[in-house]
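Colleague: no FASTA, just this:
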Ligand code: NAD
Ligand code: DAU
């Protein structure tokens, strides 16, 4: 089985490549990554060179994906499309790269898969559905109407629509998955969980947007990727699969867990972290109903204890300072331009 994995030097893509190499002895992976600020070669450096190639290239540039996809011919060969600009805060500061990578990039991937009749799995997000009220009894299902809020989620929604259209109009053999918030090793320190962990590891105070009432549905990255592998093995052409592990927690709860696990809980009324300026248009709550994915594909998440997953993630960031330290200062300097302690 040969896989082209776009965005494979980013967080989820790199973890996916590790999983494939560990679990599929028959697989060869070509990673195509533009090596943006979010990519890190070191995330792939301990993988066998005869089974993983890294090609630096922008999937939105005509011809780049096509060159790699034209080399796939086997019945199980697949493009797994992770590449995207992925951070909401960056999409508010500058949406242009999001339109480029997420929409034009997906268009080029679709055209290459159409031309060479190659199977595609498109990795998307629960954010395409907008947000829920805190007490809303319904969770997101594949039938939920799209209602994206930010430039990031709007471009992901646009990409999903292109995939659906290419399936229907051209018969492209594609599947889509929409997953909730991932955490685990190799996640960029701009994101919520690694930002707080690395703030504490560098003697800085963690930062909570607004009151911290916003809820995210956390899933360990290995559970996301095991679901993607199930979809590659048994997913039906044209179908959308939702991936989530019933991991709803408010940001305040997650922050308190991190502080507790790292021995940083405040005293005398000091919570140990700062409340800072809220994100404009901040989605209140995401929640995934993954029943169909579980029942139809026999998938079950394995890492559902968030506290335990956080403990292992904290350990990873403690032991891999070389991986994140070079970019930490730049990320915090960028946040400092807009963020104010409340
Ligand atoms: P990430 O930002 O860590 O990694 C994205 C990777 O894509 C980077 O290596 C980057 O260099 C690469 N990339 C960006 N633009 C590119 C382009 N034009 N051509 C080639 N490569 C390009 O993101 P992530 O968190 O690993 O997310 C991966 C995918 O999963 C994205 O599609 C995202 O929308 C989706 N997703 C993420 C989450 C999450 O919680 N992080 C949840 C659900 C879905
Ligand atoms: O739901 C899936 C999505 O999850 C993915 O599609 C995105 O690619 C991924 O980045 C993530 O989006 P979020 O915006 O939910 O993730 P982020 O890590 O940026 O923030 C998680 C929550 O924590 C969110 O409510 C904002 C809040 N937050 C974030 C940061 C960086 C803070 O309170 N403090 C922070 O410092």
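Modeller: In hand now; what should we look at? As the structure is a computational prediction, the values presented were derived from the model and not from experiment. Ligands and ions are numbered 1, 2, ... in the order given.
Colleague: all contacts plus neighbour counts: C-alpha atoms, from now on.
Modeller: Fine.
Colleague: tell me the phi and psi of the closest residue to residue 95 other than its chain neighbours?
Modeller: Distance criterion C-alpha to C-alpha, 6 or more residues apart in numbering; nearest residue to residue 95, sequence neighbours excluded, is residue 151 at 6.0 Å. The phi and psi values for residue 151, taken as degrees, to the nearest 10, are phi -60, psi -40.
Colleague: burial count for residue 151?
Modeller: 21 (other C-alpha atoms under 10 Å).
Colleague: how about it, what does it touch?
Modeller: Contacts for residue 151 (C-alpha atoms under 8 Å, 6 or more residues apart in numbering) come out as 88, 91-92, 95, 98.
Colleague: Most neighbours among the residues you listed, which one?
Modeller: residue 98 (24 neighbours).
Colleague: Please, which helix or strand holds it?
Modeller: In the assignment (DSSP states H and E), residue 98 maps to helix 96-98.
Colleague: tell me how far the host helix or strand of residue 198 is from the chain's mean position?
Modeller: Using DSSP H and E, the element containing residue 198 is helix 192-201. Distance, stretch centre to chain centre, for helix 192-201: 17 Å (C-alpha atoms, centre = their mean, to the nearest Å).
Colleague: Can you tell me which of the contacts of residue 151 is nearest ligand 2?
Modeller: residue 88 (5.1 Å; C-alpha to the nearest ligand atom).
Colleague: residues in the chain within reach of ligand 2, list them.
Modeller: 86-88, 125-127, 180-181, 190-192, 207-209, 214, 251 (C-alpha under 6 Å from any ligand atom).
Colleague: Which ones among these lie within strands?
Modeller: 125, 207-209 (DSSP state E).
Colleague: Buried ones among these?
Modeller: Buried by 16 or more other C-alpha atoms under 10 Å: 125, 207-209, out of these.
Colleague: What ranges does the stretch 1-150 of the chain have for its strands?
Modeller: Along the stretch 1-150 of the chain, counting by DSSP state E, counting those that start in this stretch, strands occupy 2-6, 28-33, 52-56, 78-81, 119-125.
Colleague: Is it correct that residue 40 is in contact with residue 13?
Modeller: No. If you go by C-alpha atoms under 8 Å, residue 40 and residue 13 don't touch, sitting 11.0 Å apart.
Colleague: before we move on, back to that, can you redo the strands of the stretch 1-150 of the chain as CSV, where the extra columns are mean pLDDT?
Modeller: Below are the strands of the stretch 1-150 of the chain laid out as CSV (pLDDT from 0 to 100):
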stretch, mean pLDDT
strand 2-6, 98
strand 28-33, 98
strand 52-56, 98
strand 78-81, 98
strand 119-125, 98
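Colleague: need the ones you listed in a markdown table with distance to residue 297, can you?
Modeller: Shown next, in a markdown table, are those (distance: least, C-alpha to C-alpha, whole Å):
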| stretch | distance to residue 297 |
| --- | --- |
| strand 2-6 | 21 |
| strand 28-33 | 24 |
| strand 52-56 | 27 |
| strand 78-81 | 18 |
| strand 119-125 | 15 |
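Colleague: closest one to residue 231 among those strands?
Modeller: Closest to residue 231 of the strands of the stretch 1-150 of the chain is strand 119-125 (C-alpha to C-alpha; 8.2 Å).
Colleague: continuing past that closest one, what's the next helix or strand?
Modeller: Criterion used, DSSP H and E; the element after strand 119-125 is helix 151-170.
Colleague: Could I get the average pLDDT for that following helix?
Modeller: Averaged across helix 151-170, pLDDT comes to 98.
Colleague: in that helix, what counts as buried?
Modeller: Result for helix 151-170 [16+ other C-alpha under 10 Å]: buried residues 151-160, 162-164, 166-167.
Colleague: how would you label the residue of the chain most remote from its centre: helix, strand or coil?
Modeller: Within the chain, the residue lying farthest from the chain centre (C-alpha atoms, centre = their mean) is residue 268, at 37.4 Å. Assigned with DSSP: H, G, I helix; E, B strand; the rest coil, residue 268 falls in the coil class.
Colleague: what's the pLDDT at it?
Modeller: For residue 268, the model assigns a pLDDT of 84.
Colleague: how far away is it from ligand 1?
Modeller: 34 Å (C-alpha to the nearest ligand atom, to the nearest Å).
Colleague: now residue 96
Modeller: 11 Å.
Colleague: What parts of the protein come near ligand 1?
Modeller: Close to ligand 1, as judged by C-alpha under 6 Å from any ligand atom, the chain has residues 6-13, 32-36, 38-39, 57-60, 82-86, 101, 105, 123-125, 179-182.
Colleague: Please spell out the ChimeraX selection for the buried subset of those.
Modeller: Selection of buried members from these for ChimeraX, criterion 16+ other C-alpha under 10 Å:
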select :6,7,8,9,10,11,12,13,32,33,34,35,38,39,57,58,59,60,82,83,84,85,86,101,105,123,124,125,179,180,181,182
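Colleague: From the residues of the chain next to ligand 1, which land in helices?
Modeller: 11-13, 105 (DSSP state H).
Colleague: Export those residues to CSV and append columns for pLDDT.
Modeller: CSV is the format used below for these (pLDDT from 0 to 100):
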residue, pLDDT
11, 99
12, 99
13, 99
105, 99
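Colleague: which one of the ones in strands among the residues of the chain next to ligand 2 sits closest to ligand 1?
Modeller: After measuring these against ligand 1 - C-alpha to the nearest ligand atom - the closest member comes out as residue 125, at 3.9 Å.
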